[in-house]
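> Need coordinates for the following:
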Amino acid sequence: MAQSIQREPAFLRRKQVETRTGLSRSTIYQYIKDGVFPKPVPLGPRAVGWLESDVSEWIAGRVKIARDGGRQAA
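Numbering: from 1, shown residues only. Model (predicted):
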């Protein structure tokens, strides 16, 4: 019987999101404004982070779009 391993949610800071996605700071915030990138989670009064799982899902979605020849499912 396979046992699933539960991982704690991990946060990525903006620089890490930039590195993982290849996007600039301004593009990340524009995509958030446009509703096509995950919103950050407040971590404190002046700090935000993105759930690693949200960013990974966004990346996987971009790969799927690219491999489907740019066709998006309706």
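> C-alpha only now, for contacts and for neighbours.
OK.
> which residues in the protein form helices?
Assigned helices in the chain, in chain order: 14-21, 25-34, 52-67 (criterion: DSSP state H).
> Is it possible to get CSV of these that adds mean pLDDT?
Shown next, in CSV, are those (pLDDT from 0 to 100):
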stretch, mean pLDDT
helix 14-21, 98
helix 25-34, 98
helix 52-67, 96
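> any idea how far residue 7 is from residue 14?
Here residue 14 is placed at a distance of 21 Å from residue 7 (CA to CA, to the nearest Å).
> Mind checking which of the two has more residues around it?
residue 14 (17 against 6; other CA atoms under 10 Å).
> leaving aside the residues next to it on the chain, what's closest to the more buried one?
In this structure, residue 14 finds its nearest non-sequential neighbour in residue 49, 6.7 Å apart by CA to CA, 6 or more residues apart in numbering.
> Surely that neighbour and residue 55 touch.
No - the criterion here is CA atoms under 8 Å, and residue 49 misses it with residue 55 at 10.6 Å.
> And residue 15, how close does it get to residue 49?
Taking CA to CA, one finds residue 15 at 10 Å from residue 49.
> do the same with residue 22
17 Å.
> The two: which is more packed in?
A side-by-side neighbour count of residue 22 and residue 49, using other CA under 10 Å, places residue 49 first with 19 against 11.
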